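[1] I'd like to go over a predicted model; first the sequence, then the structure.
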Amino acid sequence: MIQLDHVTKKYGDKNDIVAVDDVSLRIEKGSICGIVGYSGAGKSTLLRCLNYLEVPSSGEVSIDGVELHTLSKSELRKTRQSIGMIFQHFNLPSSRSVSQIVNFALKASGYEKKLRKQRIRELLALVGLADKENAYPSQLSGGQKQRVSIARALANDPSILLCDEATSALDPKTTQSILALLKELNQKLQLTIVLITHEVEVVKEICDTCVIMERGQIIESGNTYDVFANPKEELTASFIDTVLHFSLPEKLVNELTGHVIKLTFRGHLASEAIVSTMLQTFKVKGNILHGKVEYIQDKPLGVFIMELQGDAHEIRRAVTYLENQVSKTEVIANGLDSTAFARA
Ligand SMILES: Nc1ncnc2c1ncn2[C@@H]1O[C@H](COP(=O)(O)OP(=O)(O)OP(=O)(O)O)[C@@H](O)[C@H]1O
């Protein structure tokens, strides 16, 4: 388990750049945690505080109950060996072959020479590169290079893997294959994975929990499904909307005259029945403008956007019914008391 308590990291001669500001966070063993934020939010700094590549200005980082600041240099080096790291631009030396790159990591950690060849084969097979032992980085695609860097990061059998924008330089299809590999390694090796990204798609695909950062602080965090189903902060909602596309074009919304609501369903199977019961029970006309089910790690999250027309009293009753049936209702346009709706 990784635990951060009130971690702050300041830079600058006067300590006036606060890159990470009083962050407390717990990441469970064997889980995948995604840290999301725009450029400059403090993600990289926070990630580097986890293995003390950056020593926090204040606060505590503990790995499996051991506070890193209590460790001697050699103990810290040993702890770092249990934390692998991969990067956006792979950082592979161009003059070494794939097996030499992995061998170098094994050698540096004191892995017994006679066992190294076998270990290199195992690692390359694990990341799907069994046939690339003798290739050089320039002969590999971006996805293959990231696989080599993952093999290198796993050389020491780490229990934690830190991923710094690991898929940001890759095309969508290759991103999917690297994410699938990370998920597989997480399950096969019980590897705890912490990744930072500005791509919410990555979080949606593989993260059990997620953390949203802004100006060095965590503004929202939790189980990924819960955060996606019910974002509390505007920034979180806008990030999520970039992948779920659960909104309507503004021009269309402005042209609508009825009461426009957005319904969020946890699970989609009941959604159509609820909407049709509502339409049969109350004297309202419903126009479905948008309906979609997204899968967040195989769990469905459904959204309907509807325009309701009719008597305000009936609409209120219909909305009350919906509020009791679905996870969340939001007014998108023409709230019941708005003049626009009164005109309709
Ligand atoms: N070594 C440093 N010296 C001074 N300021 C730094 C240093 N590292 C980061 N910062 C500043 O700290 C803030 C957070 O930077 P950080 O790189 O952690 O953000 P980020 O969310 O990872 O952004 P990006 O996605 O662009 O890397 C920024 O204002 C950055 O300029």
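    Perfect, I can see it now. Treat the numbers as computed from the prediction; the structure is a model and nothing was measured.
[2] Please name every helix or strand in contact with the host helix or strand of Leu252.
    Secondary-structure assignment from DSSP states H and E places Leu252 in helix 250-255. Applying 3 or more CB pairs under 8 Å, 6 or more residues apart in numbering; DSSP states H and E, one finds that helix 250-255 makes contact with strand 328-333. Quick note: C-beta positions are derived from backbone N, CA and C, even for glycine.
[3] Tell me the strands beside the strand it packs on, with direction?
    Sheet pairing here is set by DSSP bridges, and for strand 328-333 it gives strand 259-266 (antiparallel).
[4] next helix or strand past the strand it pairs with?
    Heading C-terminal from strand 259-266 (DSSP H and E), you reach helix 271-281.
[5] between that next one and strand 259-266, what angle do the directions make?
    140 degrees (axes from the mean of the first three to the mean of the last three CA atoms, to 10 degrees).
[6] With just CA atoms, put the helix holding Leu252 into CSV.
    Provided in CSV are the C-alpha atoms of helix 250-255 (Å, rounded to 0.1, in the frame of the first residue of the first chain):
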residue,chain,number,x,y,z
GLU,A,250,-24.9,24.1,-27.1
LYS,A,251,-26.7,25.4,-30.2
LEU,A,252,-29.2,22.6,-30.1
VAL,A,253,-29.8,23.1,-26.4
ASN,A,254,-30.5,26.8,-27.0
GLU,A,255,-33.2,26.0,-29.5
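[7] what does it rub up against?
    Val260, Leu289, Ile332, Ala333 (CB atoms under 8 Å, 6 or more residues apart in numbering).
[8] Now render those residues as CSV, adding distance to Gln88.
    Putting the contacts of helix 250-255 into CSV (distance: CB to CB, whole Å) gives the following:
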residue, distance to Gln88
Val260, 40
Leu289, 38
Ile332, 37
Ala333, 40
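[9] Looking at those, which is nearest His69?
    Set against His69, the nearest of the contacts of helix 250-255 by CB to CB is Ile332 (49.3 Å).
[10] Looking at the chain, which helix is longest?
    In the chain, ranked by residue count with DSSP state H as the criterion, the top helix is helix 172-189.
[11] Now do the next helix or strand after that one and helix 172-189, the angle between them.
    Going down the chain from helix 172-189, the next helix or strand is strand 192-197, by DSSP H and E. Taking the same axes, to 10 degrees, one finds that strand 192-197 is oriented at 160 degrees with respect to helix 172-189.
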